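**Student:** Coordinates only, no sequence provided:
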C-alpha cells in the first residue's frame, strides 16, 4: 500500500497571504501549476489558492488590489505522510479537490495532487 510520503512532491511552491493576486498568478503560470498552499510567516498552512479561486477576481476589476489571503480557500484538507494513497484519492474525489498538503507536526512536508497519483499508478504497470 503506497503512502503520501512515497508519492508526494517535496519541493512545493507556496505563497503567503499578503502577496497580491497578480504575483500569485505569475507564480502559478511560471511553475505550470494550478494551485498552491498558502503559508503564514511560521510556515504553517493557512489556506490553498487555486485557479478556481482566482477566476472570481480576474474579471471583477479588483485583481490588483486583492491579496491572496482574501481569495484563498481556508478550509484545507490535509493528511499526515503515512496516509494511504487510496484514502487520499477517495477524499479528493469526494471533495472534488485537486491537491492536498501533506503535513506533519504542523510542518508542510509535500503535496499530493491528482496528477501525482495518476503518474504513480501508471508507472507501476
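**Tutor:** Thanks, I have it. If you're wondering where the values come from, they're calculated on a predicted model, not measured in any experiment.
**Student:** Is the residue nearest the centre of the chain within a helix or a strand, and which one?
**Tutor:** The central residue of the chain, meaning the one whose C-alpha is nearest the mean C-alpha position (Cα atoms, centre = their mean), is residue 36 at 3.7 Å. Assigned by DSSP states H and E, residue 36 belongs to strand 35-39.
**Student:** Next: residue 75.
**Tutor:** Using DSSP H and E, no element contains residue 75; it sits outside every helix and strand.
**Student:** quick revisit: quick check, the residue nearest to the centre of the chain in contact with residue 16.
**Tutor:** No. Applying Cβ atoms under 8 Å as the test, residue 36 and residue 16 come out as separate, 10.9 Å apart. C-beta coordinates here come from the backbone N, C-alpha and C atoms, glycine included.
**Student:** follow-up on the earlier one: tell me the spacing between the residue nearest to the centre of the chain and residue 1.
**Tutor:** 28 Å (Cβ to Cβ, to the nearest Å).
**Student:** can you check residue 59 too?
**Tutor:** 44 Å.
**Student:** one step back: is the residue nearest to the centre of the chain bridged to anything, and to what?
**Tutor:** Judged by DSSP bridges, the bridge partners of residue 36 are residue 49.
**Student:** residue contacts, it?
**Tutor:** When the contact criterion is Cβ atoms under 8 Å, 6 or more residues apart in numbering, the partners of residue 36 are 12, 13, 14, 15, 27, 28, 48, 49, 50, 111.
**Student:** hmm, 7 Å instead?
**Tutor:** Residues counted as contacts of residue 36 (Cβ atoms under 7 Å, 6 or more residues apart in numbering) are 13, 14, 15, 49.
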